[in-house]
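> I'll drop the sequence and a predicted model, then ask my questions.
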Number of protein chains: 2
Amino acid sequence: MNEKVSWILQPTVEDAYNLLKESLSKKRFIIVTGLCKVDYVGRAASKLDWGERVLLIKQDGSLLIHRAKGFEAVNWQPPGSIFTIKQEGGLLVIKSYRKEHQETLTISFRDITLLTSLKLVDEAEFEMHLSEDEMYETISSNPDILEPGFRILSQQRRIDAGVADFTGYDNQGRYTIVEVKRRTVDVKAVKQAYKYLSGFKGKGASVRGIIAAPSISSEASRLATLLGIEFKKIDLSKCVAAHKERMKTSLLEQSDKST
Amino acid sequence: MNEKVSWILQPTVEDAYNLLKESLSKKRFIIVTGLCKVDYVGRAASKLDWGERVLLIKQDGSLLIHRAKGFEAVNWQPPGSIFTIKQEGGLLVIKSYRKEHQETLTISFRDITLLTSLKLVDEAEFEMHLSEDEMYETISSNPDILEPGFRILSQQRRIDAGVADFTGYDNQGRYTIVEVKRRTVDVKAVKQAYKYLSGFKGKGASVRGIIAAPSISSEASRLATLLGIEFKKIDLSKCVAAHKERMKTSLLEQSDKST
DNA sequence: CCGTGGATCTCGTGA
DNA sequence: TCACGAGGTCCACGG
């Protein structure tokens, strides 16, 4: 077997079996395309009759079966599943069992178009920007995004609520509580914010309430107006720009330190 | 291009470009493996540096990038995205744009191990049967599935055992305990049921014991007979029908409320 | 180990 | 098109 990639076009069941067996034991990335049927029994049960699909098996035991269309895999197995393969009546039968949920996935190939076995080298780190944390940090270090002249008094992340809060004064000196959400504000979020705000208003203080997010649903908008909560649109691209600026600055600071 | 499958091992950028271009226009299923980097900007933003991955492009514009491990794709684009490809500085650059969310995914290949282009024929229908919860709910609201005239006294889910229980009276007024399993009953399940039943019989009561499931293994069947436990076959399709009926009813009730 | 909430969730369905 | 709920959701995190 070639170190980097092995493949067989239109393999016999036996050839496919052999390459698959070796690839599984060496924990390689396997791609099988061909005519198959699929059965699943576990938390639910499903059946998929003969058709041409693409099967992916990863070194950690993940398994995915993709059809011609659609984002989602039609059948799958999360990491940690255990494989058994066999030749049976001219078919190549692949079973994947996951103990945790007592799930069994059975894939029978009647005809294999292409069997590929790869060694994938990939040490890169996946970086996700504008996660909730980063949006929060960006606003925190650049309150003008919220509203020009806004001064932050305190900040706090309420993990449980999935919301970041700022308290501060707007440019007219009014005490303000801001709830930041990275995603479209729905009715639920407005209710949540109202509940939270009520706690402050109950103390007799005059409080301005703002929900800051990239967008808001029409219904949530109505409710917010009703409850006297303002919606402040946050331009994500502004966040990205500000975030990049911060990154650049921190890099410069780092290089300053190192010299 | 071959009707069913075309592939190039270690293609030049130009060869890859040409096959990819044709495959995209013909809406074929494309698999690219090789060294690439990935950038995403849209609802969020992400960056993934050079590494070897597997790229899938489907005929409906779905796109998936899979790394060596993990069930989930590291980057993706749901159906309906539009592709542009170009050769740029020795790289093959694939861009996928989705208008709906203004999302852009950019994949740059520096080195392609294998490029595959397939025509997948797959007309099969995917059949999903009941999950455990649904089976339980269905029986609960429709005890006749268990046995005509069965009246449920109490019901209980024992999560730990993966079993749902009903107690009640059969149409002859006999006190009955029913254990429901969504999957084929094996010896283990029968033993478990017997153990559970013994607790009731120990109290001196006369109890009828039933295991309800779609099927039973021959060995489990023998054991059940031996232990005086009855097996009641549950027709999953009846469950499905009843379940659909329930769904319809609850929808009607909802619309009644709203009017 | 279980429960909770987020996700570039995706995907259906109904208004 | 939008809002809502389900999913074999998966997954990370807290307890």
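Structure received.
> and A:Val238, that's in a helix?
Slight slip there: residue A:238 is Lys, not Val. Yes. Assigned with DSSP: H, G, I helix; E, B strand; the rest coil, A:Lys238 falls within a helix.
> dump the residue contacts of it.
A:Ile145 (CB atoms under 8 Å, 6 or more residues apart in numbering or on different chains). For every residue, glycine as well, the C-beta is placed using N, CA and C.
> so where's the stretch 151-259 of chain A uncertain?
A:157-164, A:202-205, A:237, A:240-241, A:243-244, A:246-248, A:250-259 (pLDDT under 70).
> Now do the contacts for the residue in it positioned nearest to DNA strand D.
Of all residues in the stretch 151-259 of chain A, the one sitting closest to DNA strand D is A:Ser217 (2.9 Å; CB to the nearest atom of the strand). A:Ser217 is in contact with A:184-187, counting by CB under 8 Å, 6+ apart.
> Closest one of those to DNA strand C?
A:Thr184 (7.9 Å).
> For the closest one, which non-adjacent residue is spatially closest?
Nearest residue to A:Thr184, sequence neighbours excluded (CB to CB, 6 or more residues apart in numbering or on different chains): A:Ser215, at 4.5 Å.
> what residues are up against that neighbour?
By CB under 8 Å, 6+ apart, the residues touching A:Ser215 are A:184-185, A:233.
> same deal with A:Gln59?
Each residue near A:Gln59 by CB under 8 Å, 6+ apart is listed here: A:27-29, B:68-69.
> For A:Gly199, which three-state class applies?
Put simply, A:Gly199 is helix when judged by three-state DSSP.
> re the thing from before, and the contacts of A:Ser215, which are buried?
A:Val185 (16 or more other CB atoms under 10 Å in any protein chain shown).
> quick one: the closest residue in space to A:Pro148 that isn't next to it in sequence from A:Asp144, how far?
In this structure, A:Pro148 finds its nearest non-sequential neighbour in A:Asn171, 6.4 Å apart by CB to CB, 6+ apart. As judged by CB to CB, to the nearest Å, A:Asn171 and A:Asp144 stand 10 Å apart.
> any shared contact partners between the two?
Residues touching both A:Asn171 and A:Asp144 (CB under 8 Å, 6+ apart): A:Phe150.
> which stretches of the stretch 101-250 of chain A form helices?
In the stretch 101-250 of chain A, the helices defined using DSSP state H, counting those that start in this stretch lie at A:132-141, A:187-201, A:218-227, A:236-258.
> And for A:Val190, the neighbour number?
Per other CB atoms under 10 Å in any protein chain shown, the neighbour tally for A:Val190 reads 26.
> got it, and A:Glu14?
10.
> Under a three-state scheme, what state does it occupy?
helix.
> Skipping its backbone neighbours, what lies nearest it in space?
Distances taken as CB to CB, 6+ apart put A:Gln87 closest to A:Glu14, at 6.6 Å, once the chain neighbours are dropped.
> okay if I get the contacts of A:Gln59 as a markdown table plus distance to DNA strand C and neighbour count?
Output for the contacts of A:Gln59, formatted as a markdown table (distance: CB to the nearest atom of the strand, whole Å; neighbours: other CB atoms under 10 Å in any protein chain shown):
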| residue | distance to DNA strand C | neighbour count |
| --- | --- | --- |
| A:Lys27 | 23 | 15 |
| A:Arg28 | 25 | 23 |
| A:Phe29 | 19 | 25 |
| B:Ala68 | 17 | 21 |
| B:Lys69 | 16 | 16 |
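> From DNA strand C, how far off is A:Leu35?
23 Å (CB to the nearest atom of the strand, to the nearest Å).
> Please report the distance of that residue from A:Glu52.
A:Leu35 is 5 Å from A:Glu52, by CB to CB.
> same deal with A:Thr106?
Taken as CB to CB, the span from A:Thr106 to A:Glu52 is 17 Å.
> likewise A:Ala212?
Relative to A:Glu52, and taking CB to CB, A:Ala212 is found at 49 Å.
> likewise A:Cys239?
From A:Cys239 to A:Glu52 the distance is 44 Å (CB to CB).
> Just the ones of the contacts of A:Ser215 in strands?
Counting by DSSP state E, the part of those found in strands is A:Lys233.
> of all the residues in the stretch 151-259 of chain A, which ones are close to DNA strand D?
The stretch 151-259 of chain A comes close to DNA strand D at residues A:159, A:184, A:186-187, A:217-220, as judged by CB under 7 Å from any atom of the strand.
> 6 Å instead?
Of all the residues in the stretch 151-259 of chain A, those in contact range of DNA strand D (CB under 6 Å from any atom of the strand) are A:186-187, A:217-219.
> Just name the closest of the residues you listed to B:Thr167, please.
B:Thr167 has its nearest neighbour among these in A:Val187, at 40.9 Å by CB to CB.
> Please name the nearest non-neighbouring residue to that closest one.
Leaving aside its chain neighbours, A:Val187 sits nearest to A:Ala220 (4.9 Å; criterion: CB to CB, 6+ apart).
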